[in-house]
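Chemist: sequence plus the predicted model coming up.
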Amino acid sequence: MLADLQVRPPDPLLKLIKAFREDKRTDKIDLGVGVYRDESGNTPIMAAVKEAERRLLAAQTTKTYVGQQGDVDFLHLLGELVFGERAKELVSQQAVGGTGALRLGFDLLREAGARCVLMPTPSWPNHPSIIAAARLDRVDVPFFNVAKQEIELDALLARFETTSHGDAVLLQGVCHNPLGADFSREHWSALADAVVAHGVIPFIDVAYVGFGDGVEQDVGGIRAFLERVPEAVIAVSGAKTFGLYRERVGALYVQTPPAARQAAATNLAAIARSNYSMPPDHGAACVREVLSDTQLRTSWRAELDGIRSHIKKTRAALAGARVDAIPMRLIAAQQGMFSTLPLSDAQIASLRDEHGIYVTDAGRINVAGLREMDIERFVAALRAVT
Ligand code: LMR
């Protein structure tokens, strides 16, 4: 039976990571996978996290399971960071990374009777696979003009007219992957109107808090939106915000009226139980330590601010460069790790093959991975291929 399995093509991003590793050129530039890199090309462990790990190691007396819901203090502290006071009203479940939270959420929606997910495109390339794995249908709704680097909200809003009650819409909370273009307050407000008018359930993916304009600013749109809608599902990742990528830190939060909360919580617990039973401890414990200790929290915030300024500086440098075929100046106004440049497949291949510059399919660049010393060469290569 296993012999009947068909070989599948590799995930494009994982394939790119492998190709970059195997490239022998010493001056290669990796703008593929979304990780922050400092000027020495390193993705550092944050000092507050390192200290939290030291404390955990010294104090930990057992490796017995964390509970079914996960680390409740972590869930509360992370929830408070993103949702403020509202966190108390939300059902929560620790997940295996932001990706695991997305899967939990889509499984929950299917369990609740949802059939179809509207997905504004382009979106994170892994979103479609997660939606499919949860056995939900997907409707792609183009909502961004890559050539003009502009959100076209009307196209997205128009698509709500043909949804069925109980369908879901996938929205990104901040620092859009792969666009770097975020919804304005007016956009969030119009989306809330559409969601309420059509009985669509919003699923918000929040993966880059602190990488845009600052923690409070970055969660502003999400909080305002949640004020306006009766129900929502929100996946939160701690990978980037705490630099804990490989520790798989994530959580799912559900906003629903009080009478429905126990059902949501028990369904989530059952979905998690049949999948990975109970969540891993370490990354979530680090976040709990950092957020619950004033000194560690201050140090973490300062380091996160430093990462953000680094990204902003890189964006400003790119925006000041002239590449005739690309509206580079708009990159400065965008947020977070990614921007998507209007590059053809052939241009992306030339960047890789002739210049050793690795850009994700469809022209996504990881701005947060671009070192200052590489900017000039990257811009020159863009000029050469366009
Ligand atoms: C990315 O988009 O590069 C990251 O979120 C890593 C991943 O798993 O795709």
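Modeler: Structure received.
Chemist: now residue 170: how far from residue 127?
Modeler: Separation of residue 170 from residue 127 (Cβ to Cβ, to the nearest Å) stands at 6 Å. C-betas here are computed from N, CA, C, even on glycine.
Chemist: of the two, which one has the most company?
Modeler: Higher neighbour count among residue 170 and residue 127: residue 170, with 26 against 23, using other Cβ atoms under 10 Å.
Chemist: spit out the contact partners of residue 105.
Modeler: Going by Cβ atoms under 8 Å, 6 or more residues apart in numbering, residue 105 touches 203, 233, 234, 235, 252, 254.
Chemist: how about the closest residue to it other than its chain neighbours, what does it touch?
Modeler: Take residue 105 and drop its neighbours on the chain: the residue closest to it by Cβ to Cβ, 6 or more residues apart in numbering is residue 233, 4.4 Å away. The contact partners of residue 233, by Cβ under 8 Å, 6+ apart, come to 105, 108, 109, 168, 201, 202, 203, 204, 252, 253, 254, 255.
Chemist: name the SS class of residue 233, please.
Modeler: Following DSSP: H, G, I helix; E, B strand; the rest coil, we place residue 233 in the strand state.
Chemist: how about residue 105?
Modeler: Secondary structure, three-state DSSP: residue 105 is helix.
Chemist: so which bits of the stretch 1-150 of the chain are right by the ligand?
Modeler: By Cβ under 6 Å from any ligand atom, the part of the stretch 1-150 of the chain that sits against the ligand consists of 13, 33, 34, 124, 126.
Chemist: show me what secondary structure element comes after the helix or strand containing residue 310.
Modeler: Assigned by DSSP states H and E, residue 310 falls within helix 294-319. Downstream of helix 294-319, the next assigned helix or strand under DSSP H and E is strand 338-340.
Chemist: quick one: common contacting residues for residue 170 and residue 127?
Modeler: By Cβ under 8 Å, 6+ apart, residue 170 and residue 127 have these common neighbours: 119, 205.
Chemist: for the nearest residue in space to residue 156 that is not next to it in sequence, which residues are in contact?
Modeler: Spatial nearest neighbour of residue 156, excluding adjacent residues (Cβ to Cβ, 6+ apart): residue 143 at 4.2 Å. By Cβ under 8 Å, 6+ apart, the contact list for residue 143 reads 120, 121, 151, 152, 153, 155, 156.
Chemist: picking that back up, mind putting the residues of the stretch 1-150 of the chain next to the ligand in CSV, pLDDT included?
Modeler: Formatted as CSV, those follow (pLDDT from 0 to 100):
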residue, pLDDT
13, 91
33, 93
34, 93
124, 95
126, 95
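Chemist: who wins for neighbours among those residues?
Modeler: Neighbour count (other Cβ under 10 Å) singles out residue 34 as the most crowded of these, with 25 neighbours.
Chemist: fine by me, we can end here.
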